[in-house]
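[1] how would this look folded up:
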Amino acid sequence: MAETEPISEELLELNYLMQPRILDEYAVHVPHPAQQIALTMPAKELLFGGAAGGGKSDFLLMAALRYVDVPGYSAILFRRTYKQLIESGAILDRFKGWMAGKNVKPKERGMTWEFPSGAVIRFGHIHREADKYNYQGAEYQFIGFDEATMFEPEVYTWAFSRLRKPNVPCDICKKYLTNVDGTFIHTMEQKDACNTPLPDTRALEEYKPSPKDGIDIFSLPLQVIATANPGGLSHEFFKERFIDPPDPEKHDEEELEQRKHRAYIPSTIRDNPSLNQEEYMATLSNLSIVDRERYLNGDWEILEQGNLFKPSDFIIKKRRPDEKDIKSRVRFWDFAASDGKHSDFTVGVLMSMTYDGEVWIEDVKRVKYLPPEVERLVRRTAIEDGIGVRVYSEQEPGSAGKTVASHLKRKVLAGFRYNSKVATGSKEDRAQPLVSQVEAKNVYLVEAAWNKSFITECGLFPEGKHDDQVDAAAGAYNQLAVPLKRKVRLVTNYTQMR
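    As a prediction, the model looks like this:
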C-alpha cells in the first residue's frame, strides 16, 4: 500500500481557519454552508443574507455565541423596535429557546444573558436615532444588527464607536493601555505616559484565556455583523456599502481602504435545508414582483417606484450629444445642508438642451465633502465644464443663503457665469417639469457609473431617503427651460431708430 504524503502545515492551518469556532454546549444545529462560510470570515464588517428564509437570525446568534467562553466578552444584538425584538419567533424569543436548560443566567428581564465565564450577550432596540445614546457608555467586542435595512444609517455607523476591547492600567505610570495586535501600548494622545508600558497583572486576572483554545479578550476579533433583506429604510445605504463595487471617483481614500475590511455573504432559502422551501416559496408568490425578487432571490438591483419618475423612461446613450446641436448647457449644484461625512450629499448635475428640445444629463457629481473640499470641487468642475456653461445653485432662504451665494460668486466662481436661485414651492412641484420630459422619453443619460444611483433615486422619489440628485436635476432643467433674458434698448423716437 502506497505511503501517503504528510499534510503540509499550510494546508493544516487553512483547514483550521475554515472551521468556524463553535461551542458544543451552545450549538443547536450544524451551520448550513453559507452560515459556515460567514462564520469563518475575518472581515471586521459583514453583511449576511439578502433574501428571506436564508437563516439570518440563526446565523447572527451563532456568531454572537462564538466567544462566550472568553472572560470579559460582551456582545449586543439590535432590532429596530422592542416589539420586533420580543415577538414570537424573533431573535430574542429564539435565543431563549436555545438557552433553555443551559447554565446561562437571564438578567434585566431577559434582555441580558450571563454565561459561566462572565461573558454576556445583550439585546437592545434603537427605534429613533436618539435612542442610540442609551448605549453610549458601553463597549462591545461583537455588535449585531438583525434586519439592518430597517435602521437609520447613522445608527449603524455610530455603533462602531462602541466596538472596542477593554483598556488595562499600566503598572508603571497608571495610565490606560490599549491592546493592538496582542501588544499593550499607550495611545498617542496620552501625555506623560511611560516608555515601557507594563499591564497591571491584577487587571489581567479579570481577562483569563479560554480553556478551549487559549483565546483571550485581547486576541479575539472585533466585528460588526448585519443581516438584511433588500428594501427598507436604508436599502441604498447598505447596497452602496456592501453590494456595489467601489468607485474611486465617488469614494475618498479612507472609504476605499475601509471597503477592504467588509464582506457580503449572500444566503437564500435554497441555502437553508431546515426550511420547508416549497411551502415558503408558495407564500412568497403572493408578494409584489419587487418584493418577491428581493425576498426570494435577494435582488438588490430591482427598483421600487415612487409616484413620479418611472426608471424605465430614462434612456441611456453611449455617446454625448453633438456640440453643434447644443442650444444651452448648465451645471446646477444642490449643496448638503450640513457638514461632515454623515450629511446629505452635495450634487452637481450637468445638463444640456439641444435645438430640437432633447434633454441630456451629461454628468453628475455626488459627494460628501466638508465645505472647503466642496468649494474646490465646484471651482475645478467649472473649469472642466468650460466658460460657456452657466452655473447655478439653490440658495437657502434668509441672509445666510445670500452670504453663501455672494461668497460663491466673488471667490469660488469668479470669472464664470454664476447665479443662485431661491427655491419656491414643494420639491415635487419643482421636479414636475422634468418628470414630464422623462415621461415623454425625452431625457437622455450619458452612460457612466453614476447612472444607477441617479435612476434609483429618481425611481424612489419622493419617498426615498435621498433627493439631492433629483433636486439638482430639476433645478438644471428649470433653468434650461427658461429662455435667456437679453438686454433690449428701448427706442423712444424716430431719430434713435435712424
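
[2] how near is residue 28 to residue 441?
    Using C-beta to C-beta, to the nearest Å, residue 28 is found at 55 Å from residue 441. For glycine as for every other residue, the C-beta is placed from the backbone atoms N, C-alpha and C.

[3] same check, this time on residue 404
    For residue 404, the distance to residue 441 (C-beta to C-beta) stands at 37 Å.

[4] between those two, which is the more surrounded one?
    Legend: neighbour count by other C-beta atoms under 10 Å for residue 404 and residue 441, higher for residue 404 (17 against 12).

[5] thought the more buried one was touching residue 394?
    No. Here residue 404 does not reach residue 394: they are 10.3 Å apart, not a contact under C-beta atoms under 8 Å.

[6] what sits in contact with each of the two?
    A shared contact of residue 404 and residue 394, defined by C-beta atoms under 8 Å, 6 or more residues apart in numbering, is any residue touching both; here these are 335, 420.

[7] next, the distance between the ends of stretch 187-198.
    14 Å (C-alpha to C-alpha, to the nearest Å).

[8] what's the answer for stretch 51-60, then?
    Using C-alpha to C-alpha, first and last residues of stretch 51-60 are 15 Å apart.

[9] with stretch 214-224 instead?
    Stretch 214-224 has an end-to-end distance of 23 Å (criterion: C-alpha to C-alpha).

[10] and stretch 349-367, by the same measure?
    Comparing the first residue of stretch 349-367 with its last one, the separation is 12 Å (C-alpha to C-alpha).

[11] 5 is where my numbering starts, stick with that
    Sure, I'll start numbering at 5, so the last one becomes stretch 353-371.

[12] in it, what's buried?
    Of the residues in stretch 353-371, those with enough neighbours to count as buried (16 or more other C-beta atoms under 10 Å) are 353-358, 362-371.

[13] sticking with residue 432, tell me its helix or strand.
    Per DSSP states H and E, residue 432 falls inside helix 431-443.

[14] who's in contact with whatever helix or strand comes next after that helix?
    Where DSSP H and E defines the elements, the next helix or strand beyond helix 431-443 is strand 447-450. The set of residues external to strand 447-450 that reach it, using C-beta under 8 Å, 6+ apart, is 317-321, 323-325, 362-367, 438, 441, 455, 458-459.

[15] now swap in stretch 187-194 and tell me
    Looking at stretch 187-194 with C-beta under 8 Å, 6+ apart, the contacting residues turn out to be 172, 174, 179, 180, 181, 182, 183, 197, 198, 201, 202, 203.

[16] out of these, name the ones that lie in strands.
    For those, membership in strands holds for 172, 180, 181, 182, 183, with DSSP state E as the criterion.

[17] burial of the third one, as a residue count?
    Burial measure for residue 181: 23 neighbouring residues, criterion other C-beta under 10 Å.

[18] which residues does it bridge with?
    Here residue 181 sits in beta bridges with residue 172, as judged by DSSP bridges.

[19] next, the contact list for it, please.
    Contacts for residue 181 were tallied using C-beta under 8 Å, 6+ apart; they are 171, 172, 173, 174, 188, 189, 190, 201, 203.

[20] repeat for the second one
    Contacts here follow C-beta under 8 Å, 6+ apart; on that basis residue 180 touches 171, 172, 173, 174, 194.

[21] closest one of the residues you listed to residue 376?
    Using C-beta to C-beta, the shortest approach to residue 376 within the contacts of residue 180 belongs to residue 194, at 30.5 Å.

[22] can you list the residues that contact the helix holding residue 432?
    Outside helix 431-443, the residues within contact range by C-beta under 8 Å, 6+ apart are 312-314, 317-318, 363, 427-428, 447, 462, 465-466, 471, 474-475, 477-479, 481-482, 485.

[23] buried subset of those as a PyMOL selection?
    For selection in PyMOL, the members of these meeting the burial criterion (16+ other C-beta under 10 Å) are listed in this command:
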select buried, resi 312+313+314+317+318+363+427+447+462+465+471+474+475+477+478+479+481+482
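
[24] gap between the two ends of stretch 404-420?
    22 Å.

[25] that one: how far from the chain's middle?
    Its chain's average C-alpha position is 32 Å from that of stretch 404-420, according to C-alpha atoms, centre = their mean, to the nearest Å.

[26] of all the helices and strands in the protein, which has the lowest average confidence?
    Least confident helix or strand of the chain, by mean pLDDT, DSSP states H and E, is helix 498-501 with a mean of 40.

[27] in its sheet, what does whichever strand or helix holds residue 351 sit against?
    Secondary-structure element containing residue 351, defined by DSSP H and E: strand 350-358. With DSSP bridges as the test, strand 350-358 is paired with strand 330-338 (antiparallel), strand 363-371 (antiparallel).

[28] residue nearest the centroid of the chain?
    Most central residue of the chain, judged by C-alpha distance to the mean C-alpha position with C-alpha atoms, centre = their mean, is residue 241 at 3.4 Å.

[29] surely that one is in contact with residue 155?
    No. Using C-beta under 8 Å, residue 241 makes no contact with residue 155, being 9.2 Å away.

[30] quick one, helices of the stretch 205-354 of the chain?
    205-208, 239-242, 257-263, 281-288, 293-301 (DSSP state H, counting those that start in this stretch).

[31] swap that for the stretch 55-204 of the chain, sorry
    Along the stretch 55-204 of the chain, counting by DSSP H, counting those that start in this stretch, helices occupy 60-69, 86-90, 95-103, 157-162.

[32] flag the shaky bits of the chain, pLDDT-wise.
    Residues of the chain meeting the criterion pLDDT under 70: 5-22, 253-254, 278-281, 284, 288-289, 292-293, 307-310, 342-347, 487-502.

[33] in it, where's the longest helix?
    Criterion DSSP state H: the longest helix present in the chain is helix 375-389.

[34] angle of that helix against strand 350-358?
    For helix 375-389 and strand 350-358, the angle between their directions (axes from the mean of the first three to the mean of the last three C-alpha atoms, to 10 degrees) works out to 20 degrees.

[35] quick check: residue 61 touching residue 229?
    No. The pair formed by residue 61 and residue 229 falls short of the contact definition of C-beta under 8 Å, at 11.7 Å.

[36] tell me the spacing between residue 198 and residue 211.
    21 Å.

[37] who's more crowded, these two?
    Using other C-beta under 10 Å, the more surrounded residue of residue 198 and residue 211 is residue 211, with 19 against 14.

[38] just checking, that one touches residue 223?
    No. The pair residue 211 and residue 223 fails to qualify as a contact (C-beta under 8 Å) at a distance of 10.2 Å.

[39] circling back: in terms of secondary structure, what does the very next helix or strand once past the longest helix of the chain contact?
    Reading on from helix 375-389 to the C-terminus, the next helix or strand found by DSSP H and E is strand 394-399. Packed against strand 394-399, as judged by 3 or more C-beta pairs under 8 Å, 6 or more residues apart in numbering; DSSP states H and E, are the following elements: strand 330-338, helix 375-389, helix 403-411, strand 422-426, helix 472-484.
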